[in-house]
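J.: mind folding the following:
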Amino acid sequence: MMDTTPGLDLYHDGHRTRLKWHRLRLSLSAPLFSAETMAKGFAVGASMELDLRVRADGGFVVLHDKTLDGETDGHGRVRETAPETLRGLVMKAGGTPPILSEDLARLLTTAHPDALLQFDMKDDLATIGEAGLAHLQALFADAAGAIIISGGDLDLIAALKTRLPRIARGIDPTDTLVALLAAEGPAAVESALEANLAGPTEPDTVYLSWPLVLRAAQAGLDLIAICHRHGCKVDAWTFNLADPDAGFSDTEWARFSALMALKPDQITTDEAPATERAWRARITPGR
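T.: The predicted structure is shown next:
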């Protein structure tokens, strides 16, 4: 019978690597941003990720896109939509209402001590504004240890450090580092990463695409080790098996095992249980 235990973590050479449930789902065939999956993750102590967009009143809703029509049965810009309107919409995948930030604050009170929920902010500081910062501060100031807030706008992350100093922060310099590796080589990448780590955001976690991590390693640069020297954890995103039921292909295994050898602290995946099963199958003695 198939192992139905949710994917939580992997162990290699004495190092624990958490599996993060990307966009609140346990498989690519599951609905995005499922409140049911979030509740399950809170019960078992999972690491999970969701996207946040600011709404008309300065609060937030769990959506990825700037407009409503891609993920819901609504229309228009999320930024211009009131919370009562959002509550009346239905997600195209799953048929449930969108999750609002007030729902998150309530659900977080039920979380297992090991659970971690990443808020990936999809708007910049100018869009979120003072109302959005105040909303986050009012709802989540006491959620230290249960959430980490990340985003592409470093000014936003720095502002959140001031407003929510006890909440962990994450940064993702992947696009910049990919471009530097191609144009200028590993020395330029190392310099840019060091600058980010020493910068005003004071990140707890650095989010790096797994292909970048492996390409840098092939060029002689261990990005994860650099982050670890600064006391930062690394999340390698987003590794998904091509055939979750079959497990790792030989090519996938070569890449995944090389990634695990570099000791990331977390791997983002839409297939956490299948990845855990596939890992166990490959490391079982006698295979």
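
J.: show me where the protein has helices.
T.: Using DSSP state H, the helices of the chain run over 35-44, 83-87, 101-108, 125-140, 154-163, 174-183, 186-197, 210-218, 223-229, 250-261, 272-283.

J.: pLDDT (mean, whole number) over the last one?
T.: What helix 272-283 shows for mean pLDDT is 95.

J.: list the buried ones in that helix?
T.: 272-279 (16 or more other C-beta atoms under 10 Å). (Each C-beta comes from the backbone N, C-alpha and C, glycine too.)

J.: can you list the helices of the chain in a markdown table and add distance to A115?
T.: What follows is those, written out as a markdown table (distance: least, C-beta to C-beta, whole Å):
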| stretch | distance to A115 |
| --- | --- |
| helix 35-44 | 5 |
| helix 83-87 | 25 |
| helix 101-108 | 9 |
| helix 125-140 | 14 |
| helix 154-163 | 20 |
| helix 174-183 | 25 |
| helix 186-197 | 26 |
| helix 210-218 | 23 |
| helix 223-229 | 23 |
| helix 250-261 | 23 |
| helix 272-283 | 14 |
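
J.: which residues of the chain score low on pLDDT?
T.: 1-5, 285-287 (pLDDT under 70).

J.: I'd like the distance between the residue most central in space within it and T238.
T.: With distances taken as C-alpha atoms, centre = their mean, E49 lies nearest the centre of the chain, 4.3 Å away. As judged by C-beta to C-beta, to the nearest Å, E49 and T238 stand 9 Å apart.

J.: is the residue nearest to G151 when sequence neighbours are not counted bridged to anything, and to what?
T.: Among residues not flanking G151 along the chain, M121 sits closest, at 3.6 Å (C-beta to C-beta, 6 or more residues apart in numbering). For M121, the beta-bridge partners under DSSP bridges are L52, G151.

J.: can you report how many residues neighbour M121?
T.: 24 (other C-beta atoms under 10 Å).

J.: one more: D270?
T.: Count around D270 with other C-beta under 10 Å applied: 22.

J.: ok, back up a step: contact partners for the residue nearest to G151?
T.: Residues near M121 by C-beta atoms under 8 Å, 6 or more residues apart in numbering: 52, 128, 149-151, 153, 156.

J.: contact partners for R87?
T.: 97-98, 100.

J.: tell me which of the helices of the chain approaches G7 most closely.
T.: helix 272-283 (2.9 Å; C-beta to C-beta).

J.: and the closest one, C-alpha only, in CSV?
T.: The C-alpha trace of helix 272-283 is given here as CSV (Å, rounded to 0.1, in the frame of the first residue of the first chain):
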residue,chain,number,x,y,z
ALA,A,272,6.5,16.4,-0.9
PRO,A,273,5.1,13.0,-0.1
ALA,A,274,6.2,11.5,-3.4
THR,A,275,9.7,13.0,-3.0
GLU,A,276,10.0,11.5,0.4
ARG,A,277,8.9,8.1,-0.8
ALA,A,278,11.3,8.3,-3.8
TRP,A,279,14.2,9.3,-1.5
ARG,A,280,13.6,6.4,0.9
ALA,A,281,13.4,4.0,-2.0
ARG,A,282,16.8,5.1,-3.4
ILE,A,283,18.7,5.1,-0.1
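
J.: angle of that helix against helix 250-261?
T.: Here helix 272-283 points in a direction 90 degrees away from that of helix 250-261 (axes from the mean of the first three to the mean of the last three C-alpha atoms, to 10 degrees).

J.: ok, residues contacting helix 272-283?
T.: 2-10, 19-21, 26-27, 46, 239, 241, 244-245, 247-248, 253, 256-257, 267, 269, 287.

J.: can you give me every residue that contacts S249?
T.: 242-243.

J.: typed the wrong thing, it's P97
T.: Residues in contact with P97 (C-beta under 8 Å, 6+ apart) are 86-91.

J.: now with 10 Å?
T.: 35, 61, 72, 86-91, 103 (C-beta atoms under 10 Å, 6 or more residues apart in numbering).

J.: ok, T85 next?
T.: 55-56, 68, 74, 76.
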